[in-house]
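Colleague: Any chance you can model this:
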Amino acid sequence: MSSPGTPLATALGDSLLRLLPPTAAGAQPLLQLAVAALSAALERGDLGLDLEAEAPEPVPADAWPGALLQALGASGWLADADALEQRPQAPIVRDGRWLRWRRWHLQLQDSLDQLLERARSQPETAVPAPALQAALKRAQAAGLDQQQAEAVAAVLRHRLVLLLGGPGTGKTSTVVQLLAASLRQWPQGRVQLAAPTGKAATRLAEAVATAAASGPLEPALRQRLAAIPCGTLHRLLEAQGEGRFRRGPRLPLELDLLVVDETSMVDLPLMAALLAALPAGATLVLVGDAGQLPPVGPGAVLEELCRPQRLQALGTAAVELRTAYRNDGAIAAIAGQLRHQTSPASADPLRLLRPSLEALPADSNLHWLQAPAQRLPEAVLQPLRQHQQWLAQLAADPTAEPASLLEALEHLIALSPVRQGPWGVEALHRALLGPWAKAPLARWPLGTPVLNRQNRPEQGLANGDIGLLIQRDGERRVLMAGGRLLHPARLGEAEPALALTVHKAQGSQYQRVLLLVPPSRHSDPRLLYTGLTRARQAVLLVTPEQAP
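Modeller: Okay, here's the model as predicted:
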């Protein structure tokens, strides 16, 4: 029997079978299926398989999980998480309901152990009770609710703070007061803001500066907060190629407090690299929304931290904000329903949402359209073409300010979970750009948004940064954040960005979102939740017509 799955899974399975030949009769086919299923999970970004979920491809339902576990155990391929030393050669680990490769299990446990240890540890200079009470009173006087104030107190008590909350729950206001409390207690503290992508880092810096400017803070402290550096995690760690960083145990970060936003996008290798580079005495604040999509890379660290037993272990170091302070209407109401359906194995979220979607009033900020799945609906293409024309006019205007040009990019976006297919990102760009969709960047129409696909530290660019193709002094240039003008040749692997995948849009927000959900991706409520919550004002949700 040939091994199922990708060529990589086949090669891995063959290697393991040579190194650890099965001792149980008839076990080889099941071992090959286990390798294929675990390899496919990693390609999806999952560290392992949920033994309580439905049988994963290509494992047959009648072999899941009992026969598969029996074959793995009988062949010496399986070790229990609490008895790894008894089977040092076993490549697969069972950890409760989870089945993982040993390497990823060990890295996950090491990172989680480090995070929990930080949560249990106090800052090197303990904060006396009167100072804690004063910080709580300041936070409440600034308008923070009880949960937000608890997060402020947590940063003075713990070397790890986990701040959770959905859109509009006041995470940014909490972060500002948390930073202020820390700087009041430790005025010489070295502070840094960071996020997984350039767009998310830019949004974080702007949000903190705006909130600090409008909040009840001392002038000197307001200036200090506005000047806190902010960048991507890759740039902070001084990335030197795929998975390699200059910063680490031998050259640690020179920081006392690090705030990481959009933690749902941080995969396990990146978190492990960050923990290796962060000084033992530094405080780490992880901010995120557990309802969003997991990272593209393997290991959803935030999801792991949010499991009930780990939240309990974190104690007062974990704070979830539940009160919504921004009225996002139907978008927030539907997103709220999705946030409690975070398992991809749950029933089709659109089916569960149908009664609420059908009841949406005409003046709602969320509109639902059912359309034939074989072609792009005109209700999506028409506003995109209008947006395209407006961007082209702005791009050709020599008097347009760079800030206003970049702001215009955030007025409208089309999102899809997939790149290919009738409703994919590539189909949208073919419809909008015609033959220029595959042409070199310099030949795209003026006003086309440009997605940078590489980390370029020498140019201050990160993978995921978005600019605008404009014309200045008769030359085409790409306008990026900070007013930088780059020659198109310097962005050779860039893509158009009139439409993005939902994953690529994480960390960004837009005034209006056109969210296309093809039938093949109905199973994950986190996808719908992430797409909907990219919108500040309005969403058009497009789903396939129901079969008659």
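Colleague: how close does Trp436 sit to Gln109?
Modeller: 50 Å (CB to CB, to the nearest Å). Where you see a C-beta, it was placed from the backbone N, CA and C, and this is true even at glycine.
Colleague: Could you list the low-pLDDT ranges of the stretch 401-548 of the chain?
Modeller: Scanning the stretch 401-548 of the chain for pLDDT under 70 picks out 457, 520-523, 547-548.
Colleague: What segments of it are strands?
Modeller: 412-416, 449-451, 466-472, 475-480, 484-486, 495-496, 499-501, 510-516, 535-544 (DSSP state E, counting those that start in this stretch).
Colleague: centre of the chain versus the first one, how much separation?
Modeller: The one in question is strand 412-416. Taking CA atoms, centre = their mean, to the nearest Å, the mean C-alpha location of strand 412-416 is offset from the chain mean by 17 Å.
Colleague: Outside of that strand itself, list whatever touches it.
Modeller: Contacts of strand 412-416 with the rest of the structure, by CB atoms under 8 Å, 6 or more residues apart in numbering, involve 380, 383-384, 387, 423-425, 428, 498-502, 505, 508, 510-518, 531, 534.
Colleague: partner residues bridging Trp98?
Modeller: Beta-bridge partners recorded for Trp98 (DSSP bridges): Asp50, Asp95.
Colleague: Please list all residues in contact with it.
Modeller: Contact analysis of Trp98 by CB under 8 Å, 6+ apart lists Leu47, Gly48, Leu49, Asp50, Leu51.
Colleague: ok, which pair from those is furthest apart?
Modeller: Maximum pairwise distance among the contacts of Trp98 (CB to CB): 13.4 Å, between Leu47 and Leu51.
Colleague: all helices of the stretch 351-500 of the chain, in order?
Modeller: Per DSSP state H, counting those that start in this stretch, the stretch 351-500 of the chain carries helices over the ranges 378-396, 402-408, 425-433.
Colleague: counting contacts, what elements does the first one pack onto?
Modeller: Put plainly, it is helix 378-396. When contacts are defined as 3 or more CB pairs under 8 Å, 6 or more residues apart in numbering; DSSP states H and E, helix 378-396 packs onto helix 402-408, strand 412-416, helix 425-433, strand 466-472, strand 510-516, strand 535-544.
Colleague: picking up where we left off before, just send the helices of the stretch 351-500 of the chain back as TSV, with distance to Val127 and mean neighbour count too.
Modeller: Shown next, in TSV, are the helices of the stretch 351-500 of the chain (distance: least, CB to CB, whole Å; neighbours: other CB atoms under 10 Å):
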stretch	distance to Val127	mean neighbour count
helix 378-396	50	16
helix 402-408	40	15
helix 425-433	49	20
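Colleague: out of those, nearest to Gly291?
Modeller: helix 425-433 (22.8 Å).
Colleague: surely Thr202 meets Ala481?
Modeller: Yes: using CB atoms under 8 Å, Thr202 is in contact with Ala481, at 5.6 Å.
Colleague: Between those two, tell me which one has more neighbours.
Modeller: A count of neighbours by other CB atoms under 10 Å puts Thr202 above the other of Thr202 and Ala481, at 22 against 18.
Colleague: which residues does that one contact?
Modeller: So Thr202 contacts Cys230, Ala481 (CB under 8 Å, 6+ apart).
Colleague: So it, which state does it fall into?
Modeller: Secondary structure assignment for Thr202 (DSSP: H, G, I helix; E, B strand; the rest coil): helix.
Colleague: What is the burial count for Ser418?
Modeller: You called it Ser, but residue 418 is Val. Val418 has 18 neighbouring residues, counting by other CB under 10 Å.
Colleague: What sits closest to it if chain neighbours are left out?
Modeller: Gly424 (4.5 Å; CB to CB, 6 or more residues apart in numbering).
Colleague: ok, the one you found touching Ala431?
Modeller: No: with contact defined as CB under 8 Å, Gly424 does not count as touching Ala431 (10.9 Å).
Colleague: so which of the contacts of Trp98 comes closest to Leu366?
Modeller: Nearest to Leu366 out of these is Asp50 (CB to CB; 31.2 Å).
Colleague: Report pLDDT for that closest one.
Modeller: Per-residue confidence (pLDDT) for Asp50: 92.
Colleague: Does it touch Gly96 like I think?
Modeller: No: judged on CB under 8 Å, Asp50 makes no contact with Gly96 at a distance of 10.0 Å.
Colleague: between the two, who's got more neighbours?
Modeller: Neighbour tally, Asp50 and Gly96, criterion other CB under 10 Å: the higher count belongs to Asp50, 17 against 13.
Colleague: Take the strands of the stretch 401-548 of the chain and write them to TSV, including distance to Gly76 and mean neighbour count.
Modeller: Compiled in TSV, those are given as follows (distance: least, CB to CB, whole Å; neighbours: other CB under 10 Å):
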stretch	distance to Gly76	mean neighbour count
strand 412-416	45	26
strand 449-451	47	23
strand 466-472	50	21
strand 475-480	54	20
strand 484-486	56	15
strand 495-496	47	22
strand 499-501	41	24
strand 510-516	48	23
strand 535-544	47	21
